[in-house]
Structure formats: C-alpha cells, structure tokens
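A.B. asks: Here's my sequence, what's the structure:
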Amino acid sequence: MSGPFHSPLMEQARAAFEKALASVEFQDPRKPVYSNVTGKPVESGEELKQLCVQQLVSPVRWVATMSQMVADGVSGFVEVGPGTVLGGLWNAWLKAHPDVMLQCSPVGTLEQIESLVSVERSRSVVSA
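C.D. replies: Below is the predicted model:
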C-alpha cells in the first residue's frame, strides 16, 4: 500500500471527511481508545471525531501510542487483519524495551476475529 496517507498531502480528503462526519454523533468511549495522532487515550466522543479527521493529515505516533498503552497497564496486543506488519513493529519496539514482557498476536481469519470479539466482551480493556 502506498500513498500520501497521514501527511499534509491529504488535506483535501481531510476537509471532505470532516464535512461527511459533521452530522455524525460519536459517543464517549466506554473502554480505552488510543489515538495515533496524540499517542494518548481519547476522553470524549467529540475528541474522537476530531482526531479521526486529524489522523488523515497527521503522522502516526505509533511508538508513543504503544508506550502509553504499556504505561497504562495493557496486558497484551492483538493485530487484527491479514498481515503482521504491526507485530513486526512491536517486536522491534520490544528490543528497545527488554523489561516489557508483552506479546502481539496475529488474528487474521474471520473465525479468529469472532472468537477474539467474544473473549474481549468479557474483559475491561480493549485497544483500537
């Protein structure tokens, strides 16, 4: 996948996306949701909406996000989708943080995702 994603070159798309979301109401998160724009948990639905729009033109703060999640006590990570790019990034991050003993597990099939959803419904922390 290549393109000008997460950069100022997406400004025209950002403006259109913001307009499309103008009438959409975002609820406050019930479980922690972390923003790749700030690297921090999102407090309100309105903030989440603004950050979704801003994400189109902002660099991804992946390291800051993962570091914050670890500091907040997240007990593990799951990469949902067909690839393992984020798991590879996680393993590289772990090399710089040998004191952290968390894993990132790939979940790529529909059956695995459905199983994960049923397990996560019973837990108190979900990351996105």
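A.B. asks: Against which helices or strands is the helix or strand harbouring L94 packed?
C.D. replies: In the assignment (DSSP states H and E), L94 maps to helix 85-96. Under the contact definition 3 or more Cβ pairs under 8 Å, 6 or more residues apart in numbering; DSSP states H and E, helix 85-96 sits against helix 62-71, strand 77-80, strand 104-107. For every residue, glycine as well, the C-beta is placed using N, CA and C.
A.B. asks: Distance of V33 relative to L51?
C.D. replies: As for V33, its distance to L51 is 9 Å (criterion: Cβ to Cβ, to the nearest Å).
A.B. asks: Mark out where each domain of the chain begins and ends.
C.D. replies: Domains of the chain are assigned by automatic domain parsing as 1-61, 75-123.
A.B. asks: now for these, which one comes closest to Q68?
C.D. replies: domain 1-61 (5.3 Å; Cβ to Cβ).
A.B. asks: Do you know the pLDDT at A96?
C.D. replies: Model confidence at A96, given as pLDDT, is 93.
A.B. asks: Oh, that last question was meant for M1, not what I typed.
C.D. replies: pLDDT, read off for M1, is 52.
A.B. asks: repeat for P82
C.D. replies: Listed pLDDT for P82 reads 81.
A.B. asks: That one reaches L110, doesn't it?
C.D. replies: No. P82 sits out of contact with L110 when judged by Cβ atoms under 8 Å, with a separation of 10.8 Å.
A.B. asks: For this structure, which residues score under the pLDDT cut-off?
C.D. replies: Scanning the chain for pLDDT under 70 picks out 1-3, 120-128.
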